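**Q** here is the input, now give the coordinates:
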Amino acid sequence: MHATKSPPSLFNSALSQLADRLKQNPAANAPENDYEAWLRMFFPQHVTVFAPHHREIWNWVTQIQAGEKPEQPLVAILPRGGGKSSTAELATVYLGALKRRKYVLYVRSTQEQADNSVDNIAMLLESPLFGKAYPEVASRQVGKYGQAKGWRRNRLRTASGFVVDAYGLDTAMRGVKVEQQRPDLIILDDIDRQEDSIVTTQKKIKQITTSILPAGSSDYAVLAIQNLVISHGFFARMAHDTADYLYGRKLIGPIPAVENLAVDQVWDTNLNSYIYRIVNGTATWEHQSLEVCERQINEWGLISFMVEAQHDVDITENGTYAGIVFQRIRLDDCPEFKRIVCWVDPAVSDGDDGDAMGIQIDAMGVDGRIYRLYSWEDRTSPEAVIRRAIRQAFAYGAKEIGFETDQGGVLWRNQYYRIFNEMQESNEIPKSWNRPAFRAAKAGTIGSKRERHNLQRTAYDQGQLVHVIGTHTILENALKRFPQRKPFDLADASFWSWYSLQRFSGGWTKSYG
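**A** Okay, here's the model as predicted:
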């Protein structure tokens with residue numbers, strides 16, 4: 001969070017007055033129970049107005065007490081330019097100054113990024129006014145002979161015993177411990193990068209969940225903060241409620257920079273050029289106003305702004321589904337369903353060279369439209385995707401489970417039957433549930449991949465397809481990136497699910513059921 005500059009004379013006068021008060025009685029004059037007043041006192045250059053989501057973050061921060069584990073980890077998904085890292089860095093200083101946390105592990109995607117955050121924290125600690133109120137926190141810890149014990153780019157150790165370590169996910173894991181101390185605050189800041197593949201994301205998740213989080217103390221708190229940049233990322237999984245980590249989290253966002261954004265291109269006679277204008281929308285933070293956002297759109301480009309500030313992570317200009325305004329509906333508002341199907345686009349394996357798996361469940365309504373109930377994609381094993389498909393098919397009442405198979409349809413059928421029987425025997429699904437019919441479709445029987453998706457695009461344009469709110473953003477992201485960026489598996493599964501409901505006659509696919 002950054003402030004507009006005050007007139008130098010007024011600012012210097014206020015600074016002088018605060019300094020005089022702090023010299024007399026620093027502890028008494030620091031408003032520690034009022035985070036906003038505390039931040040404005042010590043870091044006015046970093047703080048202007050607070051948006052509701054900033055207050056929500058700080059309310060969580062101020063509830064942290066020494067020796068107590070917070071009830072929930074906090075996950076905040078804010079736009080680029082929305083004060084994400086500044087908030088995390090200021091929170092680190094606040095909790096260190098008030099001695100509510102002793103050892104902070106600041107984690108970012110790269111070591112350079114993490115070092116920069118620790119460097120920013122060092123500059124905050126070294127600000128003159130803060131040093132007068134908290135001299136031990138602002139001073140470097142020294143050894144017996146006066147040498148600094150830790151004040152470098154990747155580690156801060158203060159005279160009060162407060163420690164901040166920088167850790168980049170692109171480096172080998174160091175021992176996360178200072179003497180007998182373990183981190184009691186873990187900050188996960190900008191973990192995802194746009195170029196991360198699904199394989200890279202899974203490696204990061206493994207690193208965080210098996211090395212970083214288990215290294216925390218018994219009372220450790222977790223603050224995770226970023227904008228969405230990829231649909232399969234560490235943060236996107238938490239936003240879509242598909243993450244198998246940080247359960248019980250408090251989720252703030254995703255917060256876009258502009259709600260209900262509409263942009264148009266207009267001719268600027270002064271610039272003798274077309275430029276973007278925001279023609280509708282409400283800024284979610286006063287400091288990142290519509291004027292600021294309009295400037296960012298013209299500087300970054302519209303697509304980059306939509307990804308970085310609006311969390312529209314898979315938007316493409318030339319995709320098959322570009323320009324669609326997806327129709328959405330709540331499940332409770334759907335009409336009665338006549339038929340429900342589940343389709344899977346499987347990869348051959350879960351190895352590094354394998355694509356993702358995709359599952360789509362759709363229903364035909366009595367009104368003739370198709371309602372998209374459930375969408376999922378990730379990298380996993382063939383057996384795991386079959387198990388997930390069976391569980392979701394039971395949850396939604398699907399009457400068929402289909403697979404796109406270029407070859408090996410009988411093998412998928414046999415795997416499906418075996419796993420279904422095992423799940424009934426282990427009571428994962430009721431023994432009374434009749435097995436959904438198995439169906440298989442070969443991709444090449446209905447044109448090329450592009451031709452198939454052009455057919456589905458036409459159905460969207462005609463208003464035949466409606467997204468049921470829930471996992472709809474996962475499907476929408478998959479469609480928006482097709483055919484520009486992989487994975488395509490969920491998009492393909494959605495085609496077969498739609499096609500099955502539209503063309504079901506028993507003859508268009510080979511059925512082994």
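**Q** C-alpha only now, for contacts and for neighbours.
**A** OK.
**Q** got the contact list for Asn154?
**A** If you count contacts by C-alpha atoms under 8 Å, 6 or more residues apart in numbering, Asn154 has them with 114-115, 118-119, 165-167.
**Q** low-scoring stretches of this structure, by residue?
**A** 1-30, 141-153, 172-180, 317, 348-355, 406-408, 504-513 (pLDDT under 70).
**Q** how is it carved up into domains?
**A** 50-252, 258-308, 328-511 (automatic domain parsing).
**Q** farthest pair in the contacts of Asn154?
**A** Spatial extent of the contacts of Asn154 (C-alpha to C-alpha) is set by the pair Asp119 and Tyr167 at 12.6 Å.
**Q** of these two, who's got more company?
**A** Tyr167 (28 against 20; other C-alpha atoms under 10 Å).
**Q** the more buried one contacts Tyr106, doesn't it?
**A** Yes: counting by C-alpha atoms under 8 Å, Tyr167 touches Tyr106, with 6.0 Å between them.
**Q** hey, what's in contact with both of the two?
**A** Any residue near both Tyr167 and Tyr106 by C-alpha under 8 Å, 6+ apart counts here, and that gives Ala114.
**Q** His53 - nearest residue in space that isn't next to it in sequence?
**A** Ile252 (6.9 Å; C-alpha to C-alpha, 6 or more residues apart in numbering).
**Q** got it, and Trp38?
**A** Pro31 (5.2 Å).
**Q** pretty sure that neighbour is in a helix, no?
**A** No: counting by DSSP: H, G, I helix; E, B strand; the rest coil, Pro31 is not found in a helix; it is coil.
**Q** the strands in the stretch 401-513 of the chain, which residues?
**A** Applying DSSP state E, counting those that start in this stretch to the stretch 401-513 of the chain gives strands spanning 437-441, 465-468, 510-511.
**Q** what lines up beside the longest one in the sheet?
**A** Paired with strand 437-441 in the same sheet, following DSSP bridges, are strand 400-404 (parallel), strand 510-511 (antiparallel).
**Q** ok so, going back, thought Trp60 was touching the residue nearest to His53, still the case?
**A** No: applying C-alpha under 8 Å, one finds Ile252 not in contact with Trp60, separated by 11.0 Å.
**Q** mind listing the shared neighbours of these two?
**A** Here Ile252 and Trp60 have Leu74 as joint contacts, going by C-alpha under 8 Å, 6+ apart.
**Q** sorry, back to before: got CSV for the domains of the chain, with distance to Arg40 too?
**A** Output for the domains of the chain, formatted as CSV (distance: least, C-alpha to C-alpha, whole Å):
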stretch, distance to Arg40
domain 50-252, 11
domain 258-308, 15
domain 328-511, 38
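**Q** which one of those lies closest to Leu39?
**A** Nearest to Leu39, of all these, is domain 50-252, at 8.2 Å by C-alpha to C-alpha.
**Q** ok, Leu490 touching Ile359?
**A** Yes: here Leu490 reaches Ile359: they are 6.1 Å apart, a contact under C-alpha under 8 Å.
**Q** wait, is Gln265 part of a helix?
**A** No: read with three-state DSSP, Gln265 is strand and lies in no helix.
**Q** how about it, what does it touch?
**A** By C-alpha under 8 Å, 6+ apart, the contact set of Gln265 is 274-277.
**Q** quick check: of the residues you listed, which lies closest to Trp496?
**A** Of the contacts of Gln265, the one sitting nearest to Trp496 (C-alpha to C-alpha) turns out to be Tyr276, at 38.3 Å.
**Q** how near is the closest one to Glu294?
**A** To Glu294, Tyr276 is 7 Å away according to C-alpha to C-alpha, to the nearest Å.
**Q** what does Glu36 give?
**A** 29 Å.
**Q** between the two, which one's more packed in?
**A** More crowded of Glu36 and Glu294, by other C-alpha under 10 Å: Glu294, with 20 against 16.
**Q** how about the host helix or strand of that one: buried residues?
**A** Glu294 is part of helix 290-300, with elements assigned from DSSP states H and E. Going by neighbour count (16 or more other C-alpha atoms under 10 Å), the buried part of helix 290-300 is 290, 293-297.
**Q** for the residue nearest to His53, which residues are in contact?
**A** 53, 56, 74-77.
**Q** buried ones only from the residues you listed, please, as a ChimeraX command.
**A** To isolate the buried members of the contacts of Ile252 in ChimeraX, using 16+ other C-alpha under 10 Å:
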select :53,74,75,76,77
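**Q** what segments of the stretch 51-200 of the chain are strands?
**A** Assigned by DSSP E, counting those that start in this stretch, the strands in the stretch 51-200 of the chain fall at 74-77, 103-108, 151-152, 155-157, 163-168, 185-189.
**Q** could I get these as JSON lines with distance to Ser85?
**A** Below are the strands of the stretch 51-200 of the chain laid out as JSON lines (distance: least, C-alpha to C-alpha, whole Å):
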{"stretch": "strand 74-77", "distance to Ser85": "11"}
{"stretch": "strand 103-108", "distance to Ser85": "10"}
{"stretch": "strand 151-152", "distance to Ser85": "19"}
{"stretch": "strand 155-157", "distance to Ser85": "18"}
{"stretch": "strand 163-168", "distance to Ser85": "14"}
{"stretch": "strand 185-189", "distance to Ser85": "7"}
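**Q** and these: which comes nearest Ser494?
**A** strand 74-77 (27.8 Å).
**Q** now do the closest one: which elements does it pack against?
**A** If you count contacts as 3 or more C-alpha pairs under 8 Å, 6 or more residues apart in numbering; DSSP states H and E, strand 74-77 packs onto helix 52-62, strand 221-226, strand 250-252.
**Q** dump these to JSON lines, plus distance to Asn421.
**A** As requested, the helices and strands packed on strand 74-77 are exported to JSON lines (distance: least, C-alpha to C-alpha, whole Å):
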{"stretch": "helix 52-62", "distance to Asn421": "47"}
{"stretch": "strand 221-226", "distance to Asn421": "41"}
{"stretch": "strand 250-252", "distance to Asn421": "38"}
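**Q** check which helix or strand Trp376 maps to.
**A** Secondary structure (DSSP H and E) places Trp376 in strand 370-378.
**Q** in the following helix or strand past that strand, which residues are buried?
**A** Using DSSP H and E, the helix or strand that follows strand 370-378 in sequence is helix 382-396. Residues of helix 382-396 classed as buried: 382, 385-387, 389-394, 396 (neighbour count, 16+ other C-alpha under 10 Å).
**Q** so Ser218 makes contact with Pro70?
**A** No: assessed by C-alpha under 8 Å, Ser218 is found out of contact with Pro70, at 10.8 Å.
**Q** who touches both of those two?
**A** In contact with both Ser218 and Pro70: no residue, using C-alpha under 8 Å, 6+ apart.
**Q** neighbour-wise, which of those two wins?
**A** Neighbour count, other C-alpha under 10 Å: between Ser218 and Pro70, Pro70 has more, with 16 against 13.
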